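S.K.: My questions concern the predicted model and sequence given below.
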Amino acid sequence: MRNIKLTVAYDGTDFSGWQIQPGQPTIQGTLCDVLEKITLQRTLVQGAGRTDAGVHAMGQVANFTTTSELSAAEFQRAFNALLPPSIRIFAADEVSPDFHSRWNAVAKTYRYRIFRGRVVPPFLCRCVQQDYGTLNFDAMAEATKKFEGEHDFTTFSASTGSEEDDRERPTRRVIYRSEMIRISHDDVPGAPEEWVYRVRGKSFLRYMVRKIAGALVDVGRGKMRPDDIPHLLELRDRAKSGTTMPPPGLCLVKVEYPDPEMPPAT
């Protein structure tokens, strides 16, 4: 049995998220359907993260096992020939049998894009959230640092829909880096800016990045101060998180795995 790793990019606008759902178009379901056409066998494609409806990815990682004799490069070409243009396989590699895209991941990076112009160019409209109102960038940038480190992120998460699952689910997460970045669009009329929230962590709870981004926007609007963030974390109360930003601005940028060339930590 061979194990094939895929690096997947997708525009999530027209999909109901990553995870297979009966009667709904999903990224995982589409990959499984195409893989069945390639191998004539129904195989589950495992993903590193379950992105929600409307959320995008540049560096989602997936893997599947197969008895097919096709090379990894042939799998990549076959997938891209059969997938819709909104899903692309950037890379395919044969990996060790014990590799799992989700359980072996050591870090993920997400970004949330806020377009600051009054007119969103059509080539950006599906992947940014527009907000041209008055926002304090410096206050938002200061607030991002309050999320770094290990915290209980209950306040900045959504319920799983099951009280029992919510009780059993660990809610402590480690954020390695949290920052706001300004990007100029000199090729867009009026040269508006884009403000990008970028966060790298070990793992994330449901809606966590969108809720953090919403809190940052609330700080930018003056509805709260950067120093309010630690208090919100301590409350562990989902009702206190404030704004949950819409999905179009969110993208899974990268998934990281242990470097096989590096010696184990001692």
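M.R.: Good, I have the coordinates. Numbering: from 1, shown residues only.
S.K.: so which strand or helix has Val8?
M.R.: If you go by DSSP states H and E, Val8 is part of strand 2-10.
S.K.: So in that sheet, which strands flank that strand, and in what orientation?
M.R.: strand 56-66 (antiparallel), strand 87-95 (antiparallel) (DSSP bridges).
S.K.: outside of the longest strand along the chain, which residues touch it?
M.R.: Ranked by residue count under DSSP state E, the longest strand found in the chain is strand 172-184. Outside strand 172-184, the residues that touch it by Cβ atoms under 8 Å, 6 or more residues apart in numbering are 107, 137, 140-141, 144-145, 147-153, 191, 193-205, 208, 212, 216. Where C-beta positions appear, they are placed from N, C-alpha and C, glycine not excepted.
S.K.: List buried members of those residues by neighbour count.
M.R.: With burial judged by 16 or more other Cβ atoms under 10 Å, the buried subset of the contacts of strand 172-184 is 140-141, 144, 147-148, 151, 153, 193-201, 204-205, 208, 212, 216.
S.K.: Narrow those residues to those in strands?
M.R.: Secondary structure assignment by DSSP E places His151, Glu193, Glu194, Trp195, Val196, Tyr197, Arg198, Val199, Arg200, Gly201 of the buried ones among the contacts of strand 172-184 in strands.
S.K.: closest to Ala91 among those?
M.R.: Checking these against Ala91 with Cβ to Cβ, the nearest one is Arg200 at 20.5 Å.
S.K.: and of the strands paired with strand 2-10, who's closest to Thr243?
M.R.: Thr243 lies closest, by Cβ to Cβ, to one member of these: strand 56-66, at 19.9 Å.
S.K.: so which of the strands paired with strand 2-10 gets nearest Phe115?
M.R.: Closest to Phe115 of the strands paired with strand 2-10 is strand 56-66 (Cβ to Cβ; 14.4 Å).
S.K.: Which element is encountered next along the chain beyond that closest one?
M.R.: Once the chain leaves strand 56-66, the next helix or strand it forms, by DSSP H and E, is helix 72-82.
S.K.: Does Arg225 belong to a helix, a strand or coil?
M.R.: Three-state call for Arg225 (DSSP: H, G, I helix; E, B strand; the rest coil): coil.
S.K.: wait, doesn't it sit right on Val219?
M.R.: Yes. At 6.8 Å, Arg225 counts as touching Val219 under the criterion of Cβ atoms under 8 Å.
S.K.: Need the residues touching each of the two.
M.R.: Counting by Cβ under 8 Å, 6+ apart, the residues touching both Arg225 and Val219 are Ala139.
S.K.: Which one's more surrounded, these two?
M.R.: Taking neighbours as other Cβ atoms under 10 Å, Arg225 and Val219 compare with Val219 leading, 25 against 13.
S.K.: so what secondary structure elements neighbour the helix or strand the more buried one falls within?
M.R.: Here Val219 sits within helix 208-220, counting by DSSP H and E. Where contact means 3 or more Cβ pairs under 8 Å, 6 or more residues apart in numbering; DSSP states H and E, helix 208-220 is packed against strand 107-115, helix 137-144, strand 172-184, strand 193-201, helix 228-235, strand 250-256.
S.K.: so how far is it off the chain centroid?
M.R.: Remark: helix 208-220 is offset 15 Å from the chain centroid, using Cα atoms, centre = their mean, to the nearest Å.
S.K.: likewise stretch 50-63?
M.R.: That offset, for stretch 50-63, works out to 6 Å (Cα atoms, centre = their mean).
S.K.: about what we covered before: dump the helix holding Val219 to PDB, restricted to CA.
M.R.: Written as PDB, here are the backbone C-alpha positions of helix 208-220 (Å, rounded to 0.1, in the frame of the first residue of the first chain):
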ATOM      1  CA  MET A 208     -10.900  30.700  16.000                       C
ATOM      2  CA  VAL A 209      -9.100  32.800  13.400                       C
ATOM      3  CA  ARG A 210     -12.200  34.500  12.200                       C
ATOM      4  CA  LYS A 211     -13.200  35.400  15.800                       C
ATOM      5  CA  ILE A 212      -9.700  36.700  16.600                       C
ATOM      6  CA  ALA A 213      -9.800  38.800  13.400                       C
ATOM      7  CA  GLY A 214     -13.200  40.100  14.500                       C
ATOM      8  CA  ALA A 215     -11.800  41.200  17.900                       C
ATOM      9  CA  LEU A 216      -9.000  43.000  16.100                       C
ATOM     10  CA  VAL A 217     -11.500  44.900  14.000                       C
ATOM     11  CA  ASP A 218     -13.400  45.800  17.200                       C
ATOM     12  CA  VAL A 219     -10.100  47.100  18.600                       C
ATOM     13  CA  GLY A 220      -9.500  49.100  15.400                       C
END
